[in-house]
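**Student:** When you get a sec, could you give me coordinates for this:
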Amino acid sequence: MKRVTEKLFKLNELKAHIQDLKSRGKRVVFTNGCFDILHPGHIRYLRASKELGDFLIVGLNSDRSVRAIKGKNRPIMSQEDRAELLCALYFVDAVVIFDEDDPLNIIKEIVPDVLVKGGDWEEENIIGADFVKASGGRVERIPYVEGFSSTNIINRIRSTK
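**Tutor:** Below you'll find the model as predicted:
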């Protein structure tokens, strides 16, 4: 049986794989996030993202990147653990960890056919949206699932202590 972490790619490895996929007419979908505590909102979002194409890539914020965005008490789980959970999902085809505060570099390197973010993001605020559209791709917003947020889950746990 393949280890799920075989879905974990370095950017240069992923680029070569994407070139092969695109040469065979496959549609590449990209989304990103911290995915600090995997919850039903994430699962629904990622499954819906996969339905928009043939190959779903998840850009995962590194531990350093999560701290820069969410604060010194985050992430709860290490980047390796978060990557392993994402790789275990059958509808996620590849995971790539990035250390920048946003995924623009990865987006420019892989040039996805579809860029996906949650419905809580306005298109003009989606990093890489202009680049993807200028490259002939499209931007999709998946409806936000109310009641699920890693930050809210963590805050609820902390408030009960």
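**Student:** Pull the residues that contact the helix ranked longest in the chain.
**Tutor:** Counting by DSSP state H, the longest helix found in the chain is helix 11-23. Identification of contacts with helix 11-23 by Cβ atoms under 8 Å, 6 or more residues apart in numbering yields 9, 28, 54-55, 57, 94, 96, 98, 106, 109-111, 113. Using the backbone N, CA and C atoms, a C-beta is placed for each residue, glycine as well.
**Student:** What count of nearby residues applies to Lys133?
**Tutor:** By the criterion of other Cβ atoms under 10 Å, Lys133 has 13 neighbours.
**Student:** Could I get the pLDDT score of it?
**Tutor:** Looking at Lys133, its pLDDT reads 98.
**Student:** Equivalent analysis for Lys2, please.
**Tutor:** At Lys2, the pLDDT recorded in the model is 47.
**Student:** Okay, and the beta partners of the residue nearest to the spatial centre of the chain?
**Tutor:** Closest to where the C-alpha atoms of the chain average out (Cα atoms, centre = their mean) is Asn32, at 2.4 Å. In this entry, Asn32 is beta-bridged to Gly59, by DSSP bridges.
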